[in-house]
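> what follows is a predicted protein model with its sequence.
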Amino acid sequence: MKKIAELFFRYRSYTPIPFLIVMIIFENASVTSLISGFIIALLGEAIRLWGVSWAGSETRTTGKVGGTYLIISGPFAYVRNPLYVGNILIYLGLGIMSFALFPYLQIVALLFFIIQYYLIVKAEEEYLFNAFGEPYKKYFNSVPRFLPRFTPHRDSSVEQPPFKIKEGLKSERRTLQALVVVSLLILIKFLLSNQ
């Protein structure tokens, strides 16, 4: 399982591509699906941007799992893996936008990404336990993995990097570009098929 987790971690930026291609090819959108799906995808991107503005560009590494800080601020105060939650919302939103093979494609994609991120997260948790010890154990026991808690976790003893929205936007450039391009392709295909 560790080898599979490493493989998923290394190629996590590319695993959505087959699903996105199917979404575009089999697009069956409506105005309602386009609007509601885009709102969900934007929510996912907002969560990601908030997270990377705290965690920095280390979130883009594809080599080994690691990190300089134990980030417990921003969205990390509510859920341990906000970037993966954001990704799932982006993919789900795009799937709803396209309405391709609905609901089967969305269910299969959702299950795939939950399994992929679960395996990746297990490897990341092992690293964090080894690197940060007791503070991470306290955080781990207080903050859920994927479903957010209602109140923020606080621990003033854990050093945090500063919140940097400019770095967050720079780090998110690829994700934002992909979101815009795929959304536009779905919209264009919808408009062309409804002429």
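Cool, got the structure.

> let me see the ranges of the helices in the chain.
Ranges of helices in the chain, per DSSP state H, are 2-10, 17-25, 31-55, 82-98, 104-142, 165-171, 173-193.

> so for the fourth one, what gets flagged as buried?
Along helix 82-98, the positions that meet the burial threshold by neighbour count (16 or more other Cβ atoms under 10 Å) are 82-98. C-betas here are computed from N, CA, C, even on glycine.

> just the longest one next, same as before
Within helix 104-142, the residues scored as buried using 16+ other Cβ under 10 Å are 105-106, 109-110, 113, 116-117, 119-121, 123-125, 128, 132, 136, 138-139.

> now do it, average pLDDT.
For helix 104-142, the mean per-residue pLDDT is 93.

> got the CA positions of the worst-scoring helix or strand of the chain on mean pLDDT in CSV?
When the helices and strands of the chain are scored by mean pLDDT, DSSP states H and E, helix 2-10 comes last with a mean of 79. Listed next in CSV are the C-alpha coordinates belonging to helix 2-10 (Å, rounded to 0.1, in the frame of the first residue of the first chain):
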residue,chain,number,x,y,z
LYS,A,2,2.9,2.4,0.7
LYS,A,3,4.1,2.0,-2.9
ILE,A,4,0.6,2.8,-4.2
ALA,A,5,0.4,5.8,-1.9
GLU,A,6,3.8,7.1,-3.2
LEU,A,7,2.7,6.6,-6.8
PHE,A,8,-0.6,8.5,-6.1
PHE,A,9,1.3,11.3,-4.3
ARG,A,10,3.8,11.7,-7.2
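
> any idea of the angle it forms with helix 104-142?
110 degrees (axes from the mean of the first three to the mean of the last three Cα atoms, to 10 degrees).

> so what secondary structure elements neighbour helix 2-10?
helix 104-142 (3 or more Cβ pairs under 8 Å, 6 or more residues apart in numbering; DSSP states H and E).

> could you list the low-pLDDT ranges of this structure?
58-67 (pLDDT under 70).

> can you pull up the most central residue in it?
In the chain, the centroid-proximal residue (Cα atoms, centre = their mean) is Asn87; its distance is 2.3 Å.

> OK, contacts around it?
Pro16, Gly44, Arg48, Phe113, Tyr117 (Cβ atoms under 8 Å, 6 or more residues apart in numbering).

> could you redo the last one with a cut-off of 10 Å?
12-13, 15-16, 44-45, 47-48, 81, 113, 116-117, 175 (Cβ atoms under 10 Å, 6 or more residues apart in numbering).

> which residue packs closest to Gly44, ignoring adjacent ones?
Leu89 (2.9 Å; Cβ to Cβ, 6 or more residues apart in numbering).
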